[in-house]
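Engineer: Okay, sequence plus prediction incoming.
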Amino acid sequence: MDNINSQPVKKKKKSNLFKRKQRAGYWFILPWVIGVIAFFLKPFAISFWYSFNEVIMGAEGFESKFVGIDNYKFLIVQDSSFLMNLWTVIQNTFQQVVICAVLSLFISVVLVQKFRGRTIYRAIYFLPVIMTSGVVYSLVSSVVGSSGLSGSNSAYMYSSFSITQLLVQGGVSAGIVTEITKFIDSIFAMIPNCGVPILLYISSLQKIPNSFYEAARVEGASTWDIFWKITVPKIAPVIFLNTVYIIVDATTSYGSGSGGNIMMQAIHTMGFGKTMQFGMSSAMAWMYFLAIALFLGISYLLIGRWAKKFDK
Amino acid sequence: MVKFKKWLKTIKLSNILIAILRHAFLLGISYVVLFPLLYMLSNAFKPVDQYFDPSVVWIPKSLTLENFKVVSLVIDLGKVFLETFLVFIITAVISAFVCMIVGYGFSRSRLKGKNIAMALLILTIIVPQQTISVSLYSSFRYLDLFGILGALHKVIPAIGPINLIGTPWVTIVPALFGVVLKSGMFIFIYMQFFRGLPKELEEAASIDGCGSFHTFFKIIVPTTKNVTIAVLLLSIVWNWNDYYTPSMFIRTRETIAVALSNLKSYLDNLHNMGLGVDIQTAETQIQAGCLIAIVPLLILYIILQKRFTEGIENSGITGQ
């Protein structure tokens, strides 16, 4: 008898619990929902509206005049620098995604092995997160990047000058040499952005059970096979996660001075520089945002769907 | 001797080779990573004239604190650090805490419209600040809380829209709602962490008569220790280094990032007044300024480093 009675009671309690939890969930998210509406959605929508307006700052707030798609038309047809900047940023982002994703995977695979001193290396490799996100890095890298340094400290590490000379004297054609050195230089520039991706890769690599590798080795698989057949499928979701992170990081970090993202700075100067053209600035920002969204969408189609195949 | 021979036999040549290659590769990259720091350290303590001395590359012949003195002459360090602390450390701490709550809400409830909320969350991560900053500026300039203050203004003229521009509230108010710099990412990290947390924990608490909020603060919050350290560190670092927000919304107050980006022109002014050195040769002073700005973060990182990596690794952000 007891058993039969306790059954429905238990069920009732559970559904109550469920409901209560659901209600509590609303309370936990509520502040964020208000915040997102006030400080994100509203400005987001307004900036969309501004992008079709000519906006000037008045005494009682912004005054806007509807001009249709004139802002967009101007940017695409007349303003020669806008599309060029956009294209440069997209190219840089693409470069960063490819180099960072591959390089940090390579570094992580090395770092995840068991050897002496790996904890120190890991601590070092994450250091850039602290330094590169700010003005400090752009101040340092502007020194490092400038070639006209007369001081003894001209940072020869970042210049591939000697490699260039060596290759040219060795008889390699100049065109190929510049391509190679450009690539090497960009690797140096990208490494500081690899901190977070390395951390994420390492954390997912560590979660692959050792028994998988042991079994594969017993079956006679080579290290190469093991990497492609076990490691890569296991970390596929993180490869996608890192791709998204790198894209977002490359496109939305502001920086300052020479280290910054030219598109972000162009948007800022258009709105808050001497011109004070808020409408035009919004139009630029929206086109930039759409370009990023497109970029992310393509990377989802290429990598996200591939990663999903393994995600079970 | 026999022992040594035995030991020698156990080492394979290929293993040594791999070890050498591995360390060569890792050291090479470490050098690239550490370069900015080494560069700062080397130059900040260097007398100005030695910067141009070709016989001095990394290690100065003599050490000096002169560079720091010059920097403290143009930047009121105490005030700048206080401002940075007031505006950004508080913001970072609040933001981490609010993100924890929101992340928990996201992970635990099967709400109606959760997919819409998730889409919004992703949108807050991928939309560049510049897209919304123009209109955000206007809503901070004339903050009227969904039209409430504006309506009150018609009745009582003394109460009108509030101007938040130039006050620390520009970041603190959004932080209270979990919508500031990178908070989307923090919510995401917390959400992934709470997803990995066994639900039995709360069920047990709930059967014992614990309410949802009680459960959260008494049982859930203590489990987040390492993740919270990771999020706090990231949040502090990103806020500390953030140049855009303060230069945009808090122009009257100088945070460390803004002060640093103005350092060159300050040094230039100083030189025009007949003090200091020419901006062309002020590199050592600029590096001293950089070092000052970064040392607090470095100390924080060194202290928290182990917990930080553990926090990220156990956050479940990379899947189980």
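Structural biologist: Thanks, I have it.
Engineer: what does the stretch 201-320 of chain B put close to chain A?
Structural biologist: Applying the criterion C-beta under 8 Å from any C-beta of the partner chain, the portion of the stretch 201-320 of chain B that neighbours chain A consists of B:202-203, B:206, B:212-213, B:216, B:234, B:237-238, B:240-244, B:247-248, B:257, B:260-261, B:263, B:283, B:286-287, B:289-290, B:293-294, B:297-298, B:301, B:305, B:308-309, B:312-313, B:315, B:317-320. In short, each C-beta sits where N, CA and C put it, glycine included.
Engineer: Tell me the buried residues within the residues you listed.
Structural biologist: Neighbour counting by 16 or more other C-beta atoms under 10 Å in any protein chain shown classes B:202, B:206, B:212, B:216, B:234, B:237-238, B:240-244, B:247-248, B:257, B:260-261, B:263, B:283, B:286-287, B:289-290, B:293-294, B:297, B:301, B:305, B:308-309, B:312-313, B:315, B:317-319 among those as buried.
Engineer: which ones among the residues you listed are found in helices?
Structural biologist: Secondary structure from DSSP state H places B:202, B:206, B:212, B:234, B:237-238, B:240-241, B:244, B:247-248, B:257, B:260-261, B:263, B:283, B:286-287, B:289-290, B:293-294, B:297, B:301, B:305, B:308-309, B:312-313 of those in helices.
Engineer: Next, count neighbours for residue 310.
Structural biologist: By default, I'm working from chain A. The number of residues packed around A:Phe310, counting by other C-beta atoms under 10 Å in any protein chain shown, is 13.
Engineer: ah, no, chain B please
Structural biologist: Close neighbours of B:Glu310, defined as other C-beta under 10 Å, add up to 16.
Engineer: For the residue lying closest to it once chain neighbours are set aside, give me its contacts.
Structural biologist: Distance criterion C-beta to C-beta, 6 or more residues apart in numbering or on different chains; nearest residue to B:Glu310, sequence neighbours excluded, is B:Asn226 at 5.0 Å. Neighbouring residues of B:Asn226 by C-beta atoms under 8 Å, 6 or more residues apart in numbering or on different chains: B:307-308, B:310-311, B:314.
Engineer: hmm, which two among the residues you listed are most spread apart?
Structural biologist: Looking at those by C-beta to C-beta, the two members farthest from one another are B:Phe308 and B:Asn314, with 11.2 Å of separation.
Engineer: tell me the least confident of the contacts of B:Asn226?
Structural biologist: Per-residue confidence across the contacts of B:Asn226 is lowest for B:Asn314, with 72 (pLDDT).
Engineer: I'd like to know how many residues surround that one.
Structural biologist: Using other C-beta under 10 Å, B:Asn314 has 14 other residues around it.
Engineer: and it, backbone torsions?
Structural biologist: Backbone torsions for B:Asn314, taken as degrees, to the nearest 10, come to phi -90, psi 0.
Engineer: Now for it: which residues touch it?
Structural biologist: B:Asn314 makes contacts with B:193, B:226-227, as judged by C-beta under 8 Å, 6+ apart.
Engineer: go on, A:Pro197?
Structural biologist: Taking C-beta under 8 Å, 6+ apart as the criterion, A:Pro197 is in contact with A:100-101, A:104-105, A:242, A:245-246.
Engineer: With B:Ile220 as the reference, measure out to whatever residue of the stretch 201-320 of chain B ends up closest to chain A.
Structural biologist: Using C-beta to the nearest C-beta, the closest approach of the stretch 201-320 of chain B to chain A is made by B:Asn241 at 2.7 Å. Between B:Asn241 and B:Ile220 the computed distance is 30 Å (C-beta to C-beta, to the nearest Å).
Engineer: again with A:Val97
Structural biologist: In terms of C-beta to C-beta, A:Val97 sits 36 Å off from B:Ile220.
Engineer: between the two, who's got more neighbours?
Structural biologist: When A:Val97 and B:Ile220 are compared on other C-beta under 10 Å, the one with more neighbours turns out to be A:Val97, at 22 against 19.
Engineer: quick one: what helix or strand has the more buried one in it?
Structural biologist: Here A:Val97 sits within helix A:80-111, counting by DSSP states H and E.
Engineer: Just after that helix, pick out the following helix or strand.
Structural biologist: On the C-terminal side of helix A:80-111, the closest following helix or strand by DSSP H and E is helix A:118-126.
Engineer: Can you mark which positions in that next one are buried?
Structural biologist: Per 16+ other C-beta under 10 Å, helix A:118-126 contains these buried residues: A:118, A:121-122, A:124-126.
Engineer: Pick the one among those closest to B:Leu27.
Structural biologist: Compare each of the buried residues of helix A:118-126 with B:Leu27 using C-beta to C-beta and the shortest gap goes to A:Tyr121, at 8.7 Å.
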